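[1] Structure for this input, please:
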Amino acid sequence: TFEKFVFTSIGLTLFNLVASRVLVSRGTAPNKLAYYHLTTGSIKVCLALAIFATEPTCPSGCSCTGGHVDPLVALIPLVLGCLWLYKGYSFHKLAQQQGGPDYNPGDLENQGGSKQPTAELT
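    Purely as a prediction, here's the structure:
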């Protein structure tokens, strides 16, 4: 199970690298970006805790000694998850500044107004 948690964490990181860029390039509203990053950050933190709580299994035909895992294996996803949570919080604050939690920049265009700048990925 340790290996599954590690590979899932790596997969989530790769997915998030692509998905967050696509969402921002499409002009996704800051409130939706906030929900996305808060969700993926929470999942990443849970995976980091699961990685820390489990031990790797020894493959058949191998003699493992100790089974000690470097704490960085769990610390890196924990830090990434916290950064994603912070990014979600930042987008949430941006959405509040731009007009509340349901703000959508496309709504102004439909009403004949000028389009407000969307969130930028930092």
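[2] so where's this protein shaky on pLDDT?
    64-68, 100-122 (pLDDT under 70).
[3] which helix of it spans the most residues?
    In the chain, taking DSSP state H as the definition, the longest helix is helix 72-97.
[4] so how far is Gly11 from the nearest residue to Val6 once chain neighbours are set aside?
    Among residues not flanking Val6 along the chain, Ile51 sits closest, at 6.1 Å (Cβ to Cβ, 6 or more residues apart in numbering). (Each C-beta comes from the backbone N, C-alpha and C, glycine too.) Distance check for Ile51 against Gly11: by Cβ to Cβ, to the nearest Å, it reads 13 Å.
[5] And whichever strand or helix holds Asn16, what's buried?
    Per DSSP states H and E, Asn16 falls inside helix 2-25. Across helix 2-25, burial judged by 16 or more other Cβ atoms under 10 Å covers Phe2, Phe5, Val6, Thr8, Ser9, Leu12, Thr13, Asn16, Ser20, Leu23, Val24.
[6] show me what contacts the fourth one?
    Right, Thr8. Counting by Cβ atoms under 8 Å, 6 or more residues apart in numbering, Thr8 touches Leu47.
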